[in-house]
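Trainee: Just need the structure, nothing else, for what follows:
(2 chains)
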There are 2 protein chains.
Amino acid sequence: MTPDPILGDGTPVLAFDVGGTDIKAGLFDERGALRDVVRAPTPYSTDGSGDAVLAQLAVLADGFAARHPAITPRAAGLIVPGLVDDESGVGVYAENLGWRNVPFRDAASAVLGLPVAFTHDVRAAGTAEYRLGAAGNYRNVLVVVIGTGIASAIFLDGRPYSASGFAGEIGHSVVDVGGVPCACGGTGCLEAIASAGAITRLYNRAAPVPVAGAREVLDLARAGDAVAASVWNTATDALGLALSQAVALLAPEAIVLGGGLAQAGDALFAPVEKRMTSFLTFHRKPVLLPATVGENAGLVGAALGARDRLAGGPA
Amino acid sequence: MTPDPILGDGTPVLAFDVGGTDIKAGLFDERGALRDVVRAPTPYSTDGSGDAVLAQLAVLADGFAARHPAITPRAAGLIVPGLVDDESGVGVYAENLGWRNVPFRDAASAVLGLPVAFTHDVRAAGTAEYRLGAAGNYRNVLVVVIGTGIASAIFLDGRPYSASGFAGEIGHSVVDVGGVPCACGGTGCLEAIASAGAITRLYNRAAPVPVAGAREVLDLARAGDAVAASVWNTATDALGLALSQAVALLAPEAIVLGGGLAQAGDALFAPVEKRMTSFLTFHRKPVLLPATVGENAGLVGAALGARDRLAGGPA
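Mentor: Coordinates of the predicted model:
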């Protein structure tokens, strides 16, 4: 397991990563080390508000205070999925959590009694990779997180680019016109073909014996299963195409691949890079890098945001 | 014909737009009006240098000085095609003009005895649209110029994004895997399907009687020619797809279409918008706008750059 990176000396901060099933909470100390991590179930909102989530954050913060009386956090970072407007601090929409237009930044600040930095979970993980991880030497970077879905964080000229929360949706860029249906309502989206979820689903639709995940599809492909190989190759081809399109438009110096599927290592990176490169001519070819920050990248990015907030930097 | 926009009060400046066949030169006065425009053939470089072009710029500047003794330009804007690194001021490569790694900004400054702002021709035209034209009310904008080729200028969070000259190459984003060959050496690039040049070429390849340009292909399509309709529809479908992919990644609030093909008006905009929208679900849908600055957009953008340079702004 990748060890968590150290933020460096600074103020102790709290970090909250609100996911579809769990809220993961972390306490970072004055060295910037992640001293404690706890999880609690994410309450579903029945009224469109974020009140239940906010109440849970307060409970988690109290728990840290009780267990670590010597560490006094001065700010908190909060990250959530869905559509997130960083500038206004609003969680615009999260289908699987039931909220709409929740002013999370200000509400969490009131509940916790701390300044709060608020952003999207994938952008926070991307920030961790960009500032502490694989892509630290580059100013134009795309961080693509491939798990149940596919999303990305974009850094251009050294700054995150979010377009009020709408940017980075490479998972919902159409790479196969008229292709398989996507959860978003479209068809042929990259996510519907190349996410870990899609790889599992597409294999199970075609194979007699279902599998539990993309890792098993890869194992079967390596063992000579033709259906598994076809699903895997279709996925890596689609990723290579979508990345080449991002290269034509944005010319990132580096593309970082993270999330569960990136654990496949060379079985993912080699065919994706080959396919991407096959579409490039005079373009600037980016380096393709595995994410290095590890499973707590979201929390680390949230903590970086919290420290920035205190320093008067980006919220 | 669209009248040239007025830059507004400020310093008189020169502007040079070096194209594949002509250098177009303009003199902007203290009101920011384009007072004089002349053309001279672009000398091809046989030695990889830009010396012949630079000498021609001096001749053109002398001509303005002789004809307009009361107008004293204090800076110049120079724009060229190909691969251009705005930050270093270098014309990296222009296949059809024969130069490589020419330090145009500094060399032109020495030849003209003026501070020089240097950039890519499409980015300059995009800047004119962004600051004086169709997209003035938006901070995240894609300006796509569709003529012989297809290129774009990108403005994000209110700033131009160029990635050392490599960004914006939407014309060389693959939209048809294994499709028709492109001049860049690839296959299935947007430019090979949807540029005015490609539309003409693809029609002539399939039709018994050749035409001279994309406008005639459109006229034939309207008159019921099935081949022309097919070529036109394939082009607008490809543009709609490529724009939807840019929307997924960057979520621009506005997309401006300019260049010769945009003169087709609704015959281009309506099918492109319909196709683009068919690929969008939760995405932020951009407004699709025709370019408004007109045929001298490049010169106008170069002049804006020259004034910025004097003001200590972006070069």
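Trainee: Now the residue nearest the centre of chain A: which helix or strand?
Mentor: Nearest residue to the geometric centre of chain A (Cα atoms, centre = their mean): residue A:122, 2.7 Å. In the assignment (DSSP states H and E), residue A:122 maps to helix A:121-132.
Trainee: Just say helix, strand or coil for residue A:210.
Mentor: On the three-state scheme (DSSP: H, G, I helix; E, B strand; the rest coil), residue A:210 is labelled coil.
Trainee: one step back: doesn't residue A:152 make contact with the residue nearest to the centre of chain A?
Mentor: Yes: judged on Cβ atoms under 8 Å, residue A:122 makes contact with residue A:152 at a distance of 6.8 Å. Backbone N, C-alpha and C define where each C-beta goes, glycine included.
Trainee: list residues touching both of these two?
Mentor: Here residue A:122 and residue A:152 share the contacting residues A:143, A:145, A:168, scored by Cβ atoms under 8 Å, 6 or more residues apart in numbering or on different chains.
Trainee: What is the burial count for the second one?
Mentor: Residues lying near residue A:145 (other Cβ atoms under 10 Å in any protein chain shown) number 30.
Trainee: Can you tell me which of the shared contacts of residue A:122 and residue A:152 lies closest to chain B?
Mentor: Nearest to chain B, judged by Cβ to the nearest Cβ, of these is residue A:168 at 6.9 Å.
Trainee: can I get the shared contacts of residue A:122 and residue A:152 in a markdown table with distance to residue A:213 and pLDDT?
Mentor: Formatted as a markdown table, the shared contacts of residue A:122 and residue A:152 follow (distance: Cβ to Cβ, whole Å; pLDDT from 0 to 100):
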| residue | distance to residue A:213 | pLDDT |
| --- | --- | --- |
| A:143 | 22 | 97 |
| A:145 | 16 | 96 |
| A:168 | 25 | 97 |
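Trainee: and chain B, which of those reach it?
Mentor: Residues of those in contact with chain B (Cβ under 8 Å from any Cβ of the partner chain): residue A:168.
Trainee: can the shared contacts of residue A:122 and residue A:152 go into JSON lines with extra columns for distance to residue A:70 and secondary structure?
Mentor: Formatted as JSON lines, these follow (distance: Cβ to Cβ, whole Å; DSSP: H, G, I helix; E, B strand; the rest coil):
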{"residue": "A:143", "distance to residue A:70": "35", "secondary structure": "strand"}
{"residue": "A:145", "distance to residue A:70": "35", "secondary structure": "strand"}
{"residue": "A:168", "distance to residue A:70": "39", "secondary structure": "coil"}
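Trainee: Quick one: the strands in chain A, in order.
Mentor: Assigned by DSSP state E, chain A shows strands spanning A:13-18, A:22-28, A:34-41, A:75-80, A:83-85, A:90-94, A:99-102, A:116-120, A:141-146, A:150-156, A:159-161, A:254-258, A:287-290.
Trainee: Which one, of these, ends up nearest to residue A:232?
Mentor: Distance to residue A:232, taken as Cβ to Cβ, is lowest for strand A:141-146 among these, at 12.9 Å.
Trainee: Counting by contacts, list what the closest one packs against.
Mentor: When contacts are defined as 3 or more Cβ pairs under 8 Å, 6 or more residues apart in numbering or on different chains; DSSP states H and E, strand A:141-146 sits against helix A:121-132, strand A:150-156, helix A:226-250, strand A:254-258.
Trainee: Apply 6 Å and report the result again.
Mentor: Contacts defined by 3 or more Cβ pairs under 6 Å, 6 or more residues apart in numbering or on different chains; DSSP states H and E place strand A:141-146 against helix A:121-132, strand A:150-156, strand A:254-258.
Trainee: Give me the contact list for that strand.
Mentor: Residues outside strand A:141-146 that contact it (Cβ atoms under 6 Å, 6 or more residues apart in numbering or on different chains) are A:122, A:126, A:129-130, A:135, A:151-155, A:195, A:246, A:252, A:254-259, A:261.
Trainee: can you state the direction angle for it and helix A:226-250?
Mentor: Strand A:141-146 runs at 160 degrees relative to helix A:226-250, counting by axes from the mean of the first three to the mean of the last three Cα atoms, to 10 degrees.
Trainee: Put the alpha carbons of strand A:141-146 into PDB.
Mentor: What follows is strand A:141-146, C-alpha atoms only, in PDB (Å, rounded to 0.1, in the frame of the first residue of the first chain):
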ATOM      1  CA  VAL A 141      -1.600  18.200 -16.400                       C
ATOM      2  CA  LEU A 142      -4.700  16.000 -16.800                       C
ATOM      3  CA  VAL A 143      -5.400  13.600 -13.800                       C
ATOM      4  CA  VAL A 144      -7.900  10.900 -14.900                       C
ATOM      5  CA  VAL A 145      -9.500   8.800 -12.200                       C
ATOM      6  CA  ILE A 146     -10.800   5.500 -13.500                       C
END
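Trainee: neighbours around residue A:291, how many?
Mentor: 24.
Trainee: OK, contacts around it?
Mentor: Taking Cβ under 6 Å, 6+ apart as the test, what residue A:291 contacts is A:129, A:134, A:256, A:258, A:262.
Trainee: I'd say residue A:11 and residue A:73 touch.
Mentor: No: contact criterion Cβ atoms under 6 Å: residue A:11 and residue A:73 do not qualify, at 7.7 Å.
Trainee: From the neighbour counts alone, determine which of the two ranks first.
Mentor: Counted by other Cβ under 10 Å, residue A:11 and residue A:73 do not tie: residue A:73 has more neighbours, with 21 against 17.
Trainee: Can you pull the phi/psi pair for the more buried one?
Mentor: Here is the backbone geometry of residue A:73 (degrees, to the nearest 10): phi -70, psi 140.
Trainee: and residue A:103, how far is that from chain B?
Mentor: Using Cβ to the nearest Cβ, to the nearest Å, residue A:103 is found at 20 Å from chain B.
Trainee: Which residue is most remote from the mean position of chain A?
Mentor: residue A:208 (32.6 Å).
Trainee: any idea how far that residue is from residue A:222?
Mentor: Counting by Cβ to Cβ, to the nearest Å, the gap from residue A:208 to residue A:222 is 19 Å.
Trainee: Over to residue A:138?
Mentor: Using Cβ to Cβ, we find residue A:138 at a distance of 32 Å from residue A:222.
Trainee: Which residues are in contact with residue A:27?
Mentor: A:35, A:36, A:64 are the contacts of residue A:27 under Cβ under 6 Å, 6+ apart.
Trainee: now with 8 Å?
Mentor: Listed by Cβ under 8 Å, 6+ apart, the contact partners of residue A:27 are A:12, A:14, A:15, A:34, A:35, A:36, A:37, A:64, A:68, A:71, A:73.
Trainee: same deal with residue A:152?
Mentor: Per Cβ under 8 Å, 6+ apart, neighbours of residue A:152: A:122, A:126, A:142, A:143, A:144, A:145, A:168, A:169, A:170, A:171, B:249.
Trainee: Got a quick PyMOL command for the buried subset of the contacts of residue A:27?
Mentor: Applied in PyMOL, the following selects the buried portion of the contacts of residue A:27 according to 16 or more other Cβ atoms under 10 Å in any protein chain shown:
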select buried, chain A and resi 12+14+15+34+64+71+73
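Trainee: who's more crowded, residue A:138 and residue A:222?
Mentor: residue A:138 (19 against 12).
Trainee: Relative to residue A:296, how far out is the more buried one?
Mentor: In terms of Cβ to Cβ, residue A:138 sits 22 Å off from residue A:296.
Trainee: Also residue A:125?
Mentor: 9 Å.
Trainee: quick one: which of those two has more around it?
Mentor: residue A:125 (31 against 22).
Trainee: what's the neighbour count on residue A:310?
Mentor: 15.
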